[in-house]
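*Asks:* for reference, the sequence and a predicted model appear below.
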Amino acid sequence: MNKLISAALAALFSAGSAVAAPLCGELGFAGLLAKCNRGEPIEITLGSGKPLGKGAIALQSGAYYEMRVTADGSAELALTGAQFFRAIWMNEIVINGIEVRPMAIDSLEFDEAGTATLSFIAIKPGSYEVKIPNTTSDSQKVAISIQ
């Protein structure tokens, strides 16, 4: 199964010259999940009246990332971003030590304080955003680009 996924992703990356290469040349046995292919962790904070992040985020297509979404419990809040979540291959979501391997997600909602860690490979180049639904403030969304 992992070989099939690696082969499909390799075909995707070689399909056009505009697609960025993974972060390391020799991926080895671990493939795209190799340690040398990991980008910097992404921190998102859900809090009533607080900004989600510290500015725009640039990701590299073919690289592995972890996004830590932490809710402070000040309000029942969600994080949406269906277009972004469709532009990545989701490895897993870890919540309180429970690993979930979803096919796709539209949003995450926090009823109380906690952290969810999403691990994924950025795939489809483009500009996306994740945000708190039904808000208009720029501080309540984070722009994410996949290059």
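*Replies:* Cool, got the structure.

*Asks:* can we go C-alpha only for contacts and neighbour counts from here?
*Replies:* OK.

*Asks:* what segments of this protein are helices?
*Replies:* Secondary structure of the chain (DSSP state H): helices at 2-13, 82-86.

*Asks:* name the residues that touch the last one?
*Replies:* By CA atoms under 8 Å, 6 or more residues apart in numbering, the residues outside helix 82-86 that reach it are Ala104, Ile105, Asp106, Ser107, Tyr128, Glu129, Val130, Ile144.

*Asks:* ok, stretch 66-77 next?
*Replies:* 39-48, 109-120, 132.

*Asks:* ok so, going back, buried among the contacts of helix 82-86? Need that as a selection in PyMOL.
*Replies:* Selection of buried members from the contacts of helix 82-86 for PyMOL, criterion 16 or more other CA atoms under 10 Å:
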select buried, resi 128+129+130+144
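
*Asks:* low-confidence ranges in this structure?
*Replies:* 1-30 (pLDDT under 70).

*Asks:* strands - which of the contacts of helix 82-86 land there?
*Replies:* Among the contacts of helix 82-86, the residues falling in strands (DSSP state E) are Ser107, Tyr128, Glu129, Val130, Ile144.
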